[in-house]
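Participant: this one's structure only:
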């Protein structure tokens, strides 16, 4: 098969590296000039669990011309529409396209460029970091669940086989959409609140008022999730949220790092903002998500990021 | 008449000083030891528009024993219930009690200690500052509107006459309750939002998302105000909010000064928190006020103020 990694940051490099160990052909796509140059000149340097340099083709998305068998989307959320426009020429009638992006609303975006029968969504527990252009750092084992959006497991069996050949520890699971909601729930209740209150996850969950905020946002996520996906188990997701908050108690969530620590635009539109959007479509009121989204947007505006 | 000033901070000293110029008897009540000592030993020092020292009796609220003809309440919002309990012995069947506190919910608190026919509410444009114990600084002219809570203007005519003898520029106005709402609206939309977003009033109103927040809170204030008071003019109050935001564009609101700059507990419970409480009673949903109140409470908890 011909596989493209559309968005070859840390995670994209991990997947590209692992797939390069199979007999399938992998091409990395990215727009970061220095990263492209580094990989072209010196190969992709991999450190951490393995120490190796692999020579993988890399190009800009607009430079790809050969029709793909399989594309893994691993862009930042706000770069997804442009990526899909750029790679339109390589999406053929039988090309399967898998989104591994965090957050909500990506399947909706994909539907504008890819036929339903070609869309897959997944959640992954693999981790990776970029140490610099052309240098990926891989640590720890991981796994991944994927789902065909129309539930047609058979049509993606060969893709799952290939991903497992690459050691990616993939299972087909018809509950990926609810797993995406579960992950989004965790991020949606703690990311923007800790960012706005400038506090750790433990500080947020450690106050009665903070817990009220978490519960207010949580209820809206669940209501909208139930309108979109089957098998949303409110009690189990709440337990998952609480467990996650305990594990990450001393940490600031990633959105805090983005906005407060580095002055970067957040992914709020693909979390609470997406719940507002989906809520409107389903006739579900989401004032907590609306308000916290506006607060993050206001902060972004004040920092000149919007 | 025998007049008590219940809460003799900056504004209480101003009113006490001006009333001391009439033939009526004024007694200051306060709990700040150094302030009491300074006034007992050296009199109340007044600077600013006038330079004068006046000798006024001052005591703790629990030490007052003579039944009052008139009491002006000028405590901090969260000290009001205790003050009313402490001065219960001097509130007789004909004692009129006037609240000049900022914020909402004070008439409800008063009703627990004072019969309805004795309750007055007011809004004042007078200003004053405390330079230290026993030292009030008075600047600029002011005025005041007062209302008898049952609309019985006749029963408070002699009190208004006395206040005007003291030069306090008082008019009787049946719309004081809606003026209190108007003032609360301005504070309720900008105080907690600028505090949480750590921004000036101009920065808040200068972003589209900030304006969304303001409007979301404003709508809830108006809905609850309409359920409580006659003559709430939404359009006029909105214009007043916008005008106030322009005048104070470069300023941080007082709640920001309290919480962010000085680490002091805020008066949120008498603003947005009171709207939540009153909204519940009236069956009006107030998620924006609830959420921003929880955010301020969470911040207060994290700072060890609750």
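Facilitator: Done, it's in. Since the structure is predicted, the reported quantities are computational estimates derived from the model, not experimental observations.
Participant: contacting residues for the nearest residue to residue A:198 once chain neighbours are set aside?
Facilitator: Nearest residue to residue A:198, sequence neighbours excluded (Cβ to Cβ, 6 or more residues apart in numbering or on different chains): residue A:260, at 6.1 Å. For the C-beta atoms, the positions are set from N, CA and C on the backbone; glycine is no exception. Contact analysis of residue A:260 by Cβ atoms under 8 Å, 6 or more residues apart in numbering or on different chains lists A:195, A:198, A:252.
Participant: any idea which of those residues is the one closest to chain B?
Facilitator: Set against chain B, the nearest of the contacts of residue A:260 by Cβ to the nearest Cβ is residue A:198 (8.1 Å).
Participant: Could you give the number of residues near the closest one?
Facilitator: 15 (other Cβ atoms under 10 Å in any protein chain shown).
Participant: Please tell me how far it sits from residue B:260.
Facilitator: Per Cβ to Cβ, to the nearest Å, residue A:198 is found 10 Å from residue B:260.
Participant: relative to helix B:176-197, how tilted is the helix or strand containing residue A:183?
Facilitator: Here residue A:183 sits within helix A:176-197, counting by DSSP states H and E. Using axes from the mean of the first three to the mean of the last three Cα atoms, to 10 degrees, the inter-axis angle of helix A:176-197 relative to helix B:176-197 is 100 degrees.
Participant: Could you look up the next helix or strand downstream of helix A:176-197?
Facilitator: In N-to-C order, the element after helix A:176-197 by DSSP H and E is helix A:201-205.
Participant: What are the buried residues along the helix or strand that that next one is followed by?
Facilitator: Scanning forward in sequence from helix A:201-205 by DSSP H and E, the next helix or strand is helix A:208-228. Buried residues in helix A:208-228, counted by 16 or more other Cβ atoms under 10 Å in any protein chain shown: A:209-214, A:216-218, A:220-226, A:228.
Participant: Equivalent analysis for stretch A:227-244, please.
Facilitator: A:228, A:232, A:237-238, A:240-241, A:244.
Participant: can you pull out the strands in chain A?
Facilitator: A:2-6, A:25-29, A:44-48, A:52-54, A:58-59, A:70-73, A:96-99, A:119-124, A:128-132, A:135-138, A:144-148, A:170-172 (DSSP state E).
Participant: So which other helices or strands are in contact with the shortest one?
Facilitator: Yep, that's strand A:58-59 we're talking about. strand A:25-29, helix A:33-42 (3 or more Cβ pairs under 8 Å, 6 or more residues apart in numbering or on different chains; DSSP states H and E).
Participant: what comes into contact with the first one?
Facilitator: In this structure, residues lying in contact with strand A:25-29 by Cβ under 8 Å, 6+ apart are A:1-8, A:12-13, A:16, A:19-20, A:39, A:44, A:56-61, A:64, A:83, A:87.
Participant: who in the stretch 151-300 of chain A is up against chain B?
Facilitator: A:196-197, A:199, A:203-204, A:206-210, A:212-213, A:216, A:287-288, A:290-300 (Cβ under 8 Å from any Cβ of the partner chain).
Participant: Okay, domains of chain A per the record?
Facilitator: According to the TED database, chain A comprises the domains A:1-170, A:174-301.
Participant: need those domains in TSV with mean pLDDT, can you?
Facilitator: Shown next, in TSV, are the domains of chain A (pLDDT from 0 to 100):
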stretch	mean pLDDT
domain A:1-170	96
domain A:174-301	96
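Participant: Which of those domains has the highest mean neighbour count?
Facilitator: domain A:174-301 (a mean of 20; mean count of other Cβ atoms under 10 Å in any protein chain shown).
Participant: measure that domain end to end?
Facilitator: 39 Å (Cα to Cα, to the nearest Å).
Participant: Could you do stretch A:24-33 as well?
Facilitator: End to end - Cα to Cα - stretch A:24-33 spans 26 Å.
Participant: which residues sit in contact with residue A:164?
Facilitator: Applying Cβ under 8 Å, 6+ apart to residue A:164 gives the contacts residue A:170.
Participant: Mind doing that once more with 10 Å?
Facilitator: Going by Cβ atoms under 10 Å, 6 or more residues apart in numbering or on different chains, residue A:164 touches A:22, A:144, A:170-171.
Participant: out of these, which one sits closest to residue B:156?
Facilitator: residue A:144 (75.3 Å; Cβ to Cβ).
Participant: residues contacting the closest one?
Facilitator: Residues in contact with residue A:144 (Cβ under 10 Å, 6+ apart) are A:15, A:98, A:100, A:122-126, A:160, A:163-164, A:168-171, A:173, A:176.
Participant: try 7 Å this time
Facilitator: A:122, A:124-126, A:168-170 (Cβ atoms under 7 Å, 6 or more residues apart in numbering or on different chains).
Participant: can you tell me which of the buried residues of stretch A:227-244 are in helices?
Facilitator: A:228, A:237-238, A:240-241, A:244 (DSSP state H).
Participant: Test my guess that residue A:174 contacts residue A:148.
Facilitator: No: counting by Cβ atoms under 7 Å, residue A:174 stays clear of residue A:148, with 8.8 Å between them.
Participant: who's in contact with residue A:114?
Facilitator: Neighbours of residue A:114 in contact, by Cβ under 7 Å, 6+ apart: A:91, A:97.
Participant: no no, residue A:73
Facilitator: If you count contacts by Cβ under 7 Å, 6+ apart, then residue A:73 has A:6-7, A:80, A:83, A:97-101 around it.
Participant: Looking at those, spot the one nearest chain B.
Facilitator: Chain B lies nearest to residue A:80 out of the contacts of residue A:73, by Cβ to the nearest Cβ, at 22.3 Å.
Participant: With adjacent residues omitted, what lies nearest to that closest one?
Facilitator: residue A:109 (5.4 Å).
Participant: quick one on the thing from earlier: using JSON lines, lay out the helices and strands packed on strand A:58-59 together with distance to residue B:271.
Facilitator: Shown next, in JSON lines, are the helices and strands packed on strand A:58-59 (distance: least, Cβ to Cβ, whole Å):
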{"stretch": "strand A:25-29", "distance to residue B:271": "52"}
{"stretch": "helix A:33-42", "distance to residue B:271": "51"}
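Participant: do you know which of these lies nearest residue A:278?
Facilitator: Proximity to residue A:278 (Cβ to Cβ) singles out strand A:25-29 among the helices and strands packed on strand A:58-59, at 28.9 Å.
Participant: distance of residue A:102 from chain B?
Facilitator: Note on residue A:102: its distance to chain B, by Cβ to the nearest Cβ, to the nearest Å, is 22 Å.
Participant: Any chance of TSV for the strands of chain A, columns distance to residue B:35?
Facilitator: Below are the strands of chain A laid out as TSV (distance: least, Cβ to Cβ, whole Å):
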stretch	distance to residue B:35
strand A:2-6	70
strand A:25-29	72
strand A:44-48	65
strand A:52-54	75
strand A:58-59	74
strand A:70-73	67
strand A:96-99	66
strand A:119-124	63
strand A:128-132	59
strand A:135-138	63
strand A:144-148	67
strand A:170-172	72
